[in-house]
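Peer 1: predicted coordinates and the sequence they were generated for:
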Amino acid sequence: MKGLVGRRQRVLRVRHVQHAMAVAETARARDEANALSHNIDRLNKVRSELFETEGMASGASFAAMQELATRLEQAGRQLDGALYDAKRNVETKEGMTLAANREKEIATRLKDRARANLEEWRENKLAALPRYRRMQRTGDV
């Protein structure tokens, strides 16, 4: 009985570590997604400020600004794809966190049940002890 409780406790510790690791991975994935989102916002801001020049611009500088705007737009599309992948990764990690939490809760319940069974076994053993001693005195054993 004691061995069962010990095994259940070890399983619970493993499940706790697995859950903590899943939570950490989810947080890291969220941070990556947030960083990409921030970079997209910064890129859009730079692109929108590109043509806010005062006064006249030469054809060469206008062509250079247009080329830069095209490159910024292309980079923005690439970041959008990366952000989509990062959000899917976050969803996957959240699912793993939920599964790890579920496994941890199951392990907690199993450990609690094993501990309760051990306590019940001990109480039954203690309750049977006086009867056994009476039976020894009367010679029924």
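Peer 2: Ah, there it is.

Peer 1: other SSEs contacting the lengthiest helix in the chain?
Peer 2: Criterion DSSP state H: the longest helix present in the chain is helix 59-138. Counting contacts by 3 or more C-beta pairs under 8 Å, 6 or more residues apart in numbering; DSSP states H and E, helix 59-138 is packed against helix 2-50. Every C-beta, even on glycine, is put in place using the N, C-alpha and C of the backbone.

Peer 1: report the central residue of the chain.
Peer 2: Central residue of the chain (C-alpha atoms, centre = their mean): residue 23, 2.6 Å from the mean position.

Peer 1: for residue 32, see how far away it is.
Peer 2: Per C-beta to C-beta, to the nearest Å, residue 23 is found 15 Å from residue 32.

Peer 1: which non-adjacent residue is nearest residue 101?
Peer 2: residue 19 (5.6 Å; C-beta to C-beta, 6 or more residues apart in numbering).

Peer 1: burial of the one you found, as a residue count?
Peer 2: Look at residue 19: counted by other C-beta atoms under 10 Å, it has 21 neighbours.

Peer 1: so what's residue 88 up against?
Peer 2: Going by C-beta atoms under 8 Å, 6 or more residues apart in numbering, residue 88 touches no other residue.
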